[in-house]
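Engineer: This is a predicted model, with the sequence first.
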Amino acid sequence: MTTVLVDLLFFTGTRGGMESYVRQLYPEIAKQRPNWRLVALVSQETNLDLISWFPGEIVQMKIQNKSPFRWAFGEIISVNRFAKKIEANLIHSPANIGPIWGRTAVVLTLQDLLSFEKPQLFGQLTGVFLRTLIRMSANHAKSILTISQFSKLSIEKHLSPTKKKIKVSELAGGRVSNTPKKDNFSNQNRAKAQLLSGGNRLPHKNFEKLIQSLALIPEPERPLLVITGGSDNDPLAKLVTELALESYVELKSWIPQEQIEELYADSTIYVFPTLFEGFGLPILEAMSRGCPVICSDIPVLREVGGEAAIYVDTNSPAELAKVITQTLRDTSTLDVLASRGIQRASEFTWERTAEKTITVFEECLPNQEFGLLRNEGH
């Protein structure tokens, strides 16, 4: 039996796209390889209720993961030891860092190189530490996966010493079958317009500019803005108060999937003002639910969204406010965006993501590499 150890030491329930990736990927892998033994390794801080989606065994280690340093300690010390204990054939580290030593083959998913591309977002010590650990993880891995052509080029640029082939396995939106279908926007009351956005509160997510743009929209046309992914002490709350937007901005924490589906159904536009992404999964998830998308004009989002989104310079609140207002006024454009988005999202499937991932896994499995030699020896 093939045993795959899935390195989920990073999983907290609040790490956005990295967690969406494994949450959607592994049930599909289990469908395609039902005879594989899948074992997830999680930290002591992981709420096991949040990982009930995993289609295999879950082992909780006495490791903390709230800081990069604690997470890295677990990667360096514990993952290979546990892989040896359960006789794993392969380790998958899906969140940019993984083991840097050991005999068990490692497939590393490098989702992005934010700490290389935007070093100013990190403290000097943290940035150096993360970049060093990513380099060591990539050098040790037997194979590297990434999630977009943009990220592949970034990896080749910053990690040129690695000689491994980098395989791209794009993500998918995966519209939930029971999501309420949107009516045509021409049939909706414009007074009920709602914008939706979401993500962690790291600076590159650029939510401040989105909130500032809302303040520039005249009150009669100003929509409600809901931003998910925050915490109890949301750093955006101060700006909302300063701009007197308390009646227009709702800051939410990480919320259950059922509530997310309700928000998509109630929202007129999904706005994604990010300045950097490895893929851009949020826009694909919105498209798959028939929610029109306005997003940053950056290469990776054009790669994902194609002609199904409106792209804008989100560093300019005035420009963003203008585009939001014009789009809300034009219900025919909203209908076209919704239709194009559903079509675009259908071009990305988790089934295909799993197929590409499994191909890389099987290329790295010892029995694939050495099986012929062993057979000839007997």
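Structural biologist: That came through, no problem. All figures in this text were calculated on a predicted structure; none of them were measured in a lab. Numbering: from 1, shown residues only.

Engineer: tally of neighbours for Cys295?
Structural biologist: Taking other CB atoms under 10 Å as the criterion, the count of residues near Cys295 is 25. For glycine as for every other residue, the C-beta is placed from the backbone atoms N, C-alpha and C.

Engineer: That one - that's part of a strand, no?
Structural biologist: Yes: using DSSP: H, G, I helix; E, B strand; the rest coil, the assignment for Cys295 is a strand.

Engineer: got a list of what Val168 touches?
Structural biologist: By CB atoms under 8 Å, 6 or more residues apart in numbering, the residues touching Val168 are 145-149, 151-152, 356.

Engineer: Farthest-apart pair in those residues, please.
Structural biologist: Farthest pair in the contacts of Val168 (CB to CB) is Ser151 and Lys356. Separation: 14.2 Å.

Engineer: More neighbours: those two, which one.
Structural biologist: Ser151 (24 against 14).

Engineer: Help me confirm that that one is found in a helix?
Structural biologist: Yes: per three-state DSSP, Ser151 lies within a helix segment.

Engineer: residues contacting it?
Structural biologist: So Ser151 contacts 110-113, 168, 278-279, 300 (CB under 8 Å, 6+ apart).

Engineer: any idea how far it is from Gln32?
Structural biologist: To Gln32, Ser151 is 24 Å away according to CB to CB, to the nearest Å.

Engineer: can you give me the strands in the stretch 151-300 of the chain?
Structural biologist: Applying DSSP state E, counting those that start in this stretch to the stretch 151-300 of the chain gives strands spanning 166-168, 194-198, 224-230, 249-253, 269-272, 293-296.

Engineer: how about JSON lines for those strands, with distance to Leu25 and mean pLDDT added?
Structural biologist: Shown next, in JSON lines, are the strands of the stretch 151-300 of the chain (distance: least, CB to CB, whole Å; pLDDT from 0 to 100):
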{"stretch": "strand 166-168", "distance to Leu25": "14", "mean pLDDT": "94"}
{"stretch": "strand 194-198", "distance to Leu25": "20", "mean pLDDT": "97"}
{"stretch": "strand 224-230", "distance to Leu25": "20", "mean pLDDT": "95"}
{"stretch": "strand 249-253", "distance to Leu25": "24", "mean pLDDT": "95"}
{"stretch": "strand 269-272", "distance to Leu25": "22", "mean pLDDT": "98"}
{"stretch": "strand 293-296", "distance to Leu25": "23", "mean pLDDT": "98"}
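
Engineer: Among those strands, which comes closest to Leu236?
Structural biologist: Closest approach to Leu236 among the strands of the stretch 151-300 of the chain (CB to CB): strand 249-253, 5.7 Å.

Engineer: Now the closest one: buried residues?
Structural biologist: Burial within strand 249-253, assessed by neighbour count using 16 or more other CB atoms under 10 Å, is assigned to 249, 251-252.

Engineer: what's the answer for stretch 29-49, then?
Structural biologist: The neighbour-count check on stretch 29-49 (16+ other CB under 10 Å) flags 29-30, 33, 36-43, 45-46 as buried.

Engineer: Report the two of those separated the most.
Structural biologist: Most distant of the buried residues of stretch 29-49, by CB to CB, are Arg33 and Glu45, 29.4 Å apart.

Engineer: residues touching the closest residue to Ile255 other than its chain neighbours, list them.
Structural biologist: What sits nearest to Ile255 in space, not counting adjacent residues and going by CB to CB, 6 or more residues apart in numbering, is Thr228, at 5.9 Å. Counting by CB under 8 Å, 6+ apart, Thr228 touches 196-199, 252-255, 260, 263.

Engineer: and what of Phe54?
Structural biologist: Counted by CB under 8 Å, 6+ apart, Phe54 has contacts 6, 8, 26, 38, 40.

Engineer: same question, Ser115
Structural biologist: Taking CB under 8 Å, 6+ apart, we find Ser115 in contact with 121-122, 127, 130-131, 134.

Engineer: Which of those fall within helices?
Structural biologist: Counted as lying in helices by DSSP state H, out of the contacts of Ser115, are 127, 130-131, 134.

Engineer: re the thing from before, now, which of the buried residues of strand 249-253 sits nearest Asn80?
Structural biologist: Nearest to Asn80 among those is Lys252, at 38.8 Å by CB to CB.

Engineer: pretty sure that closest one is touching Leu225, no?
Structural biologist: No: with contact defined as CB atoms under 8 Å, Lys252 does not count as touching Leu225 (10.9 Å).

Engineer: Now the residue nearest to Arg135 when sequence neighbours are not counted, what are its backbone angles?
Structural biologist: The shortest distance from Arg135 to any non-neighbouring residue, by CB to CB, 6+ apart, is to Leu159 (6.3 Å). Leu159 adopts backbone torsions of phi -120, psi 40, taken as degrees, to the nearest 10.

Engineer: number of nearby residues for Leu159?
Structural biologist: Neighbour count for Leu159, taken as other CB under 10 Å: 20.

Engineer: Which helix or strand contains Lys84?
Structural biologist: Here Lys84 sits within helix 79-85, counting by DSSP states H and E.

Engineer: Report the buried residues of that helix.
Structural biologist: Within helix 79-85, the residues scored as buried using 16+ other CB under 10 Å are 79-80, 82-83.

Engineer: Out of those, name the two that are farthest from one another.
Structural biologist: Largest pairwise distance in these, by CB to CB, is 7.4 Å, between Asn80 and Phe82.

Engineer: residues touching the residue nearest to Ala72 when sequence neighbours are not counted, list them.
Structural biologist: Leaving aside its chain neighbours, Ala72 sits nearest to Leu133 (5.5 Å; criterion: CB to CB, 6+ apart). Residues near Leu133 by CB under 8 Å, 6+ apart: 72, 75, 97, 100.

Engineer: Much appreciated, bye for now.
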